[in-house]
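> Just a sequence and a predicted model for now, questions to come.
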Amino acid sequence: QAKALGKNSLRFFDPSMQAALESRTAMENDLRYALSNQQLLLHYQLQVSALGDPIGAEVLLRWQHPSRGLVSPLEFIPLAEESGLILPIGLWVLETACRQIALWAGSSNTCALQLAVNVSARQFRHNGFVEDVKRVLQETGINPVLLKLELTESVVLEDVSVVIEKMHAIKALGIGFSMDDFGTGYSSLSYLQRLPLTQLKIDRTFIHNLPDDVNNANIVRTIISLGASLDLNVIAEGVETEQQREFLLQSGCQAYQGYLFCKPVPIEQFELLLAARIQLQKADSPNFKSHV
Ligand code: C2E
Ligand code: MG
Ligand code: MG
Ligand code: MG
């Protein structure tokens, strides 16, 4: 029987497949090691209101690899999803973000910023997700309105009613939902209305050539008016130029995120930058009050 097995595996594992499999396994092991050896870290990217006031930040995962340097999530999130490692990694992101919210809440000189955490499809579908969220809220004692979860349309594609039920359970805790990369997926208007969302996040592919691209300009205006009619807040991601900001502002967009305001940076830098921005605003308007 051993011989038969040997034959099978020989037929299956040709050398190139074997190599691909080995490098995948190696990367998976690296990633597992990264998680337990503090090689994962979070960057924070500011979100501002139409007036330019800081209102929150998106939390973005990075891998500080010993030889490859800073690795983008685009390179390892797919592998994390396939391998299931996204479950412990996603939980670590959630815990770290909530601990940061708790730290800010305990210090007197920061604004009450809302943090947006990306949740992958597999993580959201996982049976223990709602319980995980509850536990992290309890452990950190944060005000749940300061946490927002970003879902993509792919999360909602399957089992719509199960997803809606889960979202309601989380919304009941006081947490909001943003539909990330909005416009790139296949959301139908009928179920968009059924989802307990708080925000639509316009994908940056629609932003980058504004206002010249007439199609994108129309799409953006349509998303903003859709948001208004569904009573959802609308944020634009990937805002890089003053012209883009101006167009979005004229079209009624309520919140902004992008390199024009600030790149995603480690927490120490983020706090410095925030302090500088708040100082600037205080100087600009004597009546400025932070949100605390
Ligand atoms: P996303 O959630 O759509 O995040 C926005 C991406 O746009 C980020 O890329 C951000 O750095 C980038 N960005 C922000 N402003 C600008 C801009 O003005 N111009 C341009 N060109 N890009 C801008 P990043 O950090 O590489 O993340 C890529 C994706 O990885 C994220 O897209 C998200 O889907 C995923 N991701 C990041 N962190 C996590 C995480 O903790 N969990 C999960 N499941 N996914 C994550
Ligand atoms: Mg996002
Ligand atoms: Mg996005
Ligand atoms: Mg995106």
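Looks like it came in fine. Numbers count the residues shown, from 1 in each chain. Ligands and ions are numbered 1, 2, ... in the order given.

> just checking, residue 270 touches residue 47?
No. Residue 270 is beyond contact range of residue 47, at 11.7 Å (criterion: Cβ atoms under 8 Å). Backbone N, C-alpha and C define where each C-beta goes, glycine included.

> intersection of neighbour lists for these two?
Jointly contacting residue 270 and residue 47 under the rule Cβ atoms under 8 Å, 6 or more residues apart in numbering are residue 57.

> who has more neighbours, those two?
A count of neighbours by other Cβ atoms under 10 Å puts residue 47 above the other of residue 270 and residue 47, at 25 against 20.

> which residues sit in contact with that one?
54-58, 114, 116, 235, 255-257.

> Kindly recompute the last result at 10 Å.
54-58, 113-116, 148, 201, 235-237, 255-258, 261-262 (Cβ atoms under 10 Å, 6 or more residues apart in numbering).

> Could you confirm it falls within a strand?
Yes. Counting by DSSP: H, G, I helix; E, B strand; the rest coil, residue 47 is found in a strand.

> ok, so what distance separates it from ligand 3?
In this view, residue 47 and ligand 3 are 12 Å apart by Cβ to the ion, to the nearest Å.

> One more: residue 153?
From residue 153 to ligand 3 the distance is 11 Å (Cβ to the ion).

> And the pLDDT for that residue?
Looking at residue 153, its pLDDT reads 89.

> where does the nearest residue to it once chain neighbours are set aside land in three-state SS?
In space, and not counting its chain neighbours, residue 153 is closest to residue 185: 2.6 Å by Cβ to Cβ, 6 or more residues apart in numbering. Classification of residue 185 by three-state DSSP places it in coil.

> circling back to that earlier point, from the contacts of residue 47, which are also near ligand 1?
237, 258 (Cβ under 6 Å from any ligand atom).

> hang on, the residue nearest to residue 153 packs against residue 203?
Yes. Here residue 185 reaches residue 203: they are 8.9 Å apart, a contact under Cβ atoms under 10 Å.

> what do these two both touch?
In terms of Cβ under 10 Å, 6+ apart, residue 185 and residue 203 are both contacted by the residues 152-153, 179.

> Going by distance to ligand 2, which of these wins?
residue 152 (7.9 Å; Cβ to the ion).

> how far away is the residue nearest to the closest one when sequence neighbours are not counted from ligand 2?
Nearest in space to residue 152, with sequence neighbours left out and distances taken as Cβ to Cβ, 6+ apart, is residue 180 at 4.9 Å. Residue 180 sits 4 Å away from ligand 2, taking Cβ to the ion as the criterion.

> cool, and residue 92?
Separation of residue 92 from ligand 2 (Cβ to the ion): 17 Å.

> try residue 228
Separation of residue 228 from ligand 2 (Cβ to the ion) stands at 22 Å.

> Please report phi then psi for that residue.
Dihedral pair for residue 228: phi -60, psi -40, per degrees, to the nearest 10.

> who's in contact with it?
Residue 228 neighbours (Cβ under 10 Å, 6+ apart): 234, 252, 254.
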